[in-house]
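Trainee: Sequence and predicted structure are below.
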Amino acid sequence: MSVTVSEPGMDSDALRSVDHHREAAPDSSPEAASAPVACPGMHKDGRTQVRPKLWLDGALLDAESAQIPLTTHALHYGSGVFEGIRSYATANGGTAVFRLPEHLRRMQRGCALLDIPFDSAQASQAILQTLRANAHRDAYIRPLAWCGTGSIGLDVSALSKHLMVTTLASKVHLAVERVRLTRSPWKRNPSSSLPPLKLCGAYVNSILAKREAKQRGFDEALFVDGDGLVVECTGANVFMVRAGRVTAVEHVDALAGITRDSVIQLVGADTRKLAYEELRDADEVFVCGTAAEVLPISELDGRRYGESLTREIAAHYQRVVRGEDASRLGWLSHV
């Protein structure tokens, strides 16, 4: 029989709450004795739980505690530069970042436009440190440089400048999905107005096109210029396959994708301008990018496509990023 002593004014609902939260007596069974002890920072199965970390201006911090002022210039104007990079668990049991120097060289070009100092060697070490701190292998890596505080005007020269790196665990799907694509009524930012780099504010263009496509029931949007030439998707470059030949879309307004360059080298693809109607008549269409990897398109505005060669290319790409192709090991930076 148990007796609960209530404090003055404690009603029956409160008593039930107290009883519900009362700790149970310790389990003295042999099974309990051999089980891992649960403690802060540990999963129930005994594995160590890593608190997410990010790298900010030279230091690793708890991701949840990192803060920036609401007057940060990039928050108001999009005055920042980012990259999307991937790391992979490799066949030898290690971890490697795919084409890290190429990503950082592109980021450096964007930072120069906004007067943001950028040290590629420091950024590279920050990425490797953050992956190690988070115990990530298959991961999406986001370095971000931005203009901070000092003014809310348009002159960024006197503003504070910052760099952060965060990593997100990602499961890489070997069986790629297929997506439905549509021609967007939005036009891609012309390179004469915004250079095709990963400038934060420029991606509102992609957001608008993506939203419009999703509202019409499609998965992704295709930018086509005023002359009917294919540019790219909202975050991926475009390829077509016709009569067994692979062609990469070339356009001055498109991002010079690093995954695109990798695929061109791997399969010996042609590169040229491509009209929308010619793309629709292809045997296969696929897109590629750091996040998308190599992804077959199932349909473009009602036109359906095959995927046999695309799947072969996607499988080859996976072997490369995981260190299974000895001829491309130079593309990997080991963690």
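Mentor: Perfect, thanks for sending it. Numbering: from 1, shown residues only.

Trainee: so which strand or helix has Val241?
Mentor: strand 237-242 (DSSP states H and E).

Trainee: Can you point out the buried residues in that strand?
Mentor: For strand 237-242, burial by neighbour count (16 or more other C-beta atoms under 10 Å) applies to 237-241. Yep, even glycine has a C-beta here, placed from its N, CA and C like the rest.

Trainee: Please enumerate the helices of the stretch 51-200 of the chain.
Mentor: Ranges of helices within the stretch 51-200 of the chain are 73-77, 100-113, 120-134, based on DSSP state H, counting those that start in this stretch.

Trainee: between the ones you listed, which one is nearest to Pro52?
Mentor: helix 120-134 (6.1 Å; C-beta to C-beta).

Trainee: which outside residues touch that closest one?
Mentor: When contacts are defined by C-beta atoms under 8 Å, 6 or more residues apart in numbering, helix 120-134 is touched by residues 50, 52-55, 60, 85, 87, 95, 97, 100-101, 104-105, 107-108, 137, 139, 141, 143, 163, 165-167, 169, 333, 335.

Trainee: Please check these and keep the buried ones.
Mentor: Among these, the ones that count as buried (16+ other C-beta under 10 Å) are 52-55, 60, 85, 87, 95, 97, 100, 104, 107-108, 137, 139, 141, 143, 163, 165-167, 333, 335.

Trainee: Restricted to strands, list the residues you listed.
Mentor: Assignment to strands by DSSP state E places the following of these there: 53-55, 60, 85, 87, 95, 97, 139, 141, 143, 163, 165-167, 333.

Trainee: So for Ser12, what's the pLDDT?
Mentor: In this prediction, Ser12 carries a pLDDT score of 34.

Trainee: quick one: Lys210 and Val320, what's the gap?
Mentor: 28 Å (C-beta to C-beta, to the nearest Å).

Trainee: what does Asp62 give?
Mentor: For Asp62, the distance to Val320 - C-beta to C-beta - is 35 Å.

Trainee: who's more crowded, the two?
Mentor: For Asp62 and Val320, the more surrounded residue by other C-beta atoms under 10 Å is Val320, and the numbers stand at 22 against 10.

Trainee: wait, doesn't that one sit right on Arg328?
Mentor: Yes - judged on C-beta atoms under 8 Å, Val320 makes contact with Arg328 at a distance of 4.7 Å.

Trainee: returning to that earlier point: looking at the buried residues of strand 237-242, which one is closest to Gly257?
Mentor: Using C-beta to C-beta, the buried residues of strand 237-242 come closest to Gly257 at Asn237, 4.3 Å.

Trainee: what about Arg51, how many neighbours?
Mentor: 12.

Trainee: ignore the last one, Leu194
Mentor: For Leu194, using other C-beta under 10 Å, the count is 15.

Trainee: do you know how far the nearest residue to it once chain neighbours are set aside is from Ile127?
Mentor: Excluding the flanking residues, the one nearest Leu194 by C-beta to C-beta, 6 or more residues apart in numbering is Ala202, at 4.8 Å. According to C-beta to C-beta, Ala202 stands 23 Å off from Ile127.

Trainee: Could you do Ser308 as well?
Mentor: 36 Å.
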